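Asker: Coordinates only, no sequence provided:
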Ligand SMILES: Nc1ncnc2c1ncn2[C@@H]1O[C@H](COP(=O)(O)OP(=O)(O)OP(=O)(O)O)[C@@H](O)[C@H]1O
Ligand SMILES: [Mg+2]
C-alpha cells in the first residue's frame, strides 16, 4: 500500500433488504486530496460515507480507513477523522463556545484551539450566542468547526453546502481549500457539479450505486468533449446552439458580419454534461 | 480511568441539557411539594400527626413517583431529544462509546433520585426511628438504577421526545399504580411483589407502620433480577442497532 493512501475501498456493495444501494465501489483517497462523490439523489452517497465511517455495515467488499478495516474500527477511530453528516445537529440551547468546548473535552483539545477554529469560521464574536439563534450558514460553519477541532486526518462531509446561499457556500469552499492546504484529506458528497469542479481533485460520478466515471474534473470534461458547440443569441432574441461544422462556422461568420449576434458562448463541457452523457440522466433532475 | 474526560463530557452535556429544561428541573420539587401538601392535608383531622396508613400512602406515592419519573421520563426523553436534534449521531462519531454515553446519561438522574428519596423521608415528617436507613439506602439505589436503565431502553425505542413520553407514561402507570393499589386485590398484590417498585412499597409500608423492615431474599432477588433483566434487554437492543436505527 502506498504511504499516503488514507482510505481505500475495494468492491464495496450494500444491499438494503432487496434494494442494491451500492454496487462494487472501489476508490482511494490520498493525503491532501479532495475527493468528491457526485451523484443525484438516491445514488448512494450517504450510504457510502456511512459505510466508510463505520455507521453502517457493507454487504460485501472491503473498506480500509487509516490502515484499519472498517468492520474492525472502534470509537477511537473518530479521534482521527471528522464526520459531518447530512443532518449533523448542534446543541441549540447551549452557546457557540459550549458547543465546541464539549467536544474539546472529548478530544482533549485546548481552549486556544477552540478559539483558533472559531476565528477561522468567523464565529468568534458570536461565542456567547445561543447556538439555536445562529443563521443556517453560521450553524453549518459551527458544525464544520466542530468536525475539524481535533485536526482530523480525513474529513468526511455529506453535502456540506446543500441549502446554503451562494455566498456562504463560497465561504465553506474557501475553508475546505485551506484545510486541504494543511494536508487534510477530504471526502465530500455533493449533487452540485460546480462545487465538484471547483473543489475536487478527483470526482467519482455515482449513479444508481455505481461509479460510472472517475478522474479529475478536467480529465473527465476533456474525455467527453467530442463535439464542440456554440450558443448564440441573435438580435431578434432567438437563441441557437450550433455544433462546430463548416456550415455552422459560415453561418456564425455571416451573423457576425451583419452584427446580428448579441452574445456568443462556447459550450465547454461540464461535469453536468459528462454525467448526462454517461448516464443519459441529468444530475439535478 | 483513561477516558474519564469523555465520560465527564457526556455528563456535562446531559447536565447542560437537563438544567435548561424547566419541566425536568421542577419535577423533583413538584414531588416534594406534593408530599408536603399531602402531609398537611392528611393531617388536618389529626393535628398534623399522620395515621400510619396515610403515611404509607404518602411515602409510597412520593418515592415511586420520584423513582419512575426521573428514570423512565428524564433519561428517556433526554436521549430522544438528542435523536430528534441529531446530536446523538454526532457524539457517537466523535469517539464516545455506547458505555460512556450510558453512564454519562444516567449519572445525574440517578444521583438526583437517591437524594430526593431521602428528602422525601424528611419532608414527610416520619419519625426517623421507624426508618432503617441502610435498607432504605440499598433499596433506593437499586430501584433508581433499574428505573434509569429502563429509561435508557425507552430512549432506544423512541425517536422523538413525544414518542418517549408515549412509551414512558404507560410504564410509569404500571410500575407506580400496581404497587399503590396492591392492597385492593390479592392478584395485584402478588404482581406487585415481583416489581421493583413493589419492593419499595413494601418497605415504606413497614416504615409507616413502625414495623421493623429487613430486606428479604425475595426482595433482593426481585431487585437484582430486574436490574439484570433490564440491563440485558438494553444490551440486546443496543447490540442490534446502537442507540439509533439505521
Ligand atoms: N436504511 C435504509 N434502508 C433501506 N434503504 C435505504 C436505507 N438507506 C438508504 N437506502 C436506499 O439506498 C439508496 C441510496 O441512498 P443514499 O441515502 O445513500 O442516497 P444519497 O446519494 O445520499 O441521496 P441524497 O442526495 O438524496 O442524499 C436509496 O435508494 C435509499 O432509498
Ligand atoms: Mg445523502
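Answerer: Okay, I see it. Predicted model only: the values in this text are computed from it and were never measured. Ligands and ions are numbered 1, 2, ... in the order given.
Asker: show me what contacts the closest residue to chain A within chain B?
Answerer: Going by C-beta to the nearest C-beta, chain A is nearest to residue B:86 of chain B, at 3.3 Å. For every residue, glycine as well, the C-beta is placed using N, CA and C. Residues in contact with residue B:86, defined by C-beta atoms under 8 Å, 6 or more residues apart in numbering or on different chains, are A:85, A:87-89.
Asker: Which pLDDT does the model give it?
Answerer: Looking at residue B:86, its pLDDT stands at 93.
Asker: Assign a three-state SS to residue A:163, would you?
Answerer: coil (DSSP: H, G, I helix; E, B strand; the rest coil).
Asker: now it: how far from residue A:139?
Answerer: Distance, residue A:163 to residue A:139, by C-beta to C-beta, to the nearest Å: 11 Å.
Asker: For these two, work out which one has more neighbours and name it.
Answerer: residue A:139 (21 against 11; other C-beta atoms under 10 Å in any protein chain shown).
Asker: does the more buried one sit in a helix or strand, and which one?
Answerer: Assigned by DSSP states H and E, residue A:139 belongs to helix A:136-148.
Asker: Enumerate the positions of the helix or strand just after that helix that are buried.
Answerer: Reading on from helix A:136-148 to the C-terminus, the next helix or strand found by DSSP H and E is strand A:154-158. Residues A:154-158 are the ones in strand A:154-158 that count as buried (16 or more other C-beta atoms under 10 Å in any protein chain shown).
Asker: Packing partners of strand A:154-158?
Answerer: Using 3 or more C-beta pairs under 8 Å, 6 or more residues apart in numbering or on different chains; DSSP states H and E, the elements in contact with strand A:154-158 are helix A:45-52, strand A:81-84, helix A:136-148, strand A:185-190.
Asker: Report the inter-axis angle for whichever helix or strand comes after the shortest one versus helix A:136-148.
Answerer: Elements were assigned by DSSP H and E; along the chain past strand A:81-84, the next helix or strand is helix A:96-107. For helix A:96-107 against helix A:136-148, the angle by axes from the mean of the first three to the mean of the last three C-alpha atoms, to 10 degrees is 20 degrees.
Asker: give me phi/psi at residue A:239?
Answerer: Here is the backbone geometry of residue A:239 (degrees, to the nearest 10): phi -110, psi 130.
Asker: from memory it sits against residue A:231, does it?
Answerer: Yes - applying C-beta atoms under 8 Å as the test, residue A:239 and residue A:231 come out as touching, 7.1 Å apart.
Asker: Could you check which of those two is surrounded by more residues?
Answerer: Taking other C-beta under 10 Å, residue A:239 and residue A:231 do not tie; residue A:231 has more neighbours (13 against 10).
Asker: Let me know the secondary structure of the more buried one.
Answerer: strand.
Asker: Can you pull the phi/psi pair for the most centrally placed residue in chain B?
Answerer: Per C-alpha atoms, centre = their mean, the C-alpha nearest to the average position across chain B is that of residue B:67, at 2.5 Å. Backbone torsions of residue B:67, given as degrees, to the nearest 10, read phi -60, psi -50.
Asker: what do you get for residue A:182?
Answerer: phi -80, psi 0.
Asker: pretty sure residue A:250 belongs to a strand, no?
Answerer: No - applying three-state DSSP, one finds residue A:250 to be helix, outside a strand.
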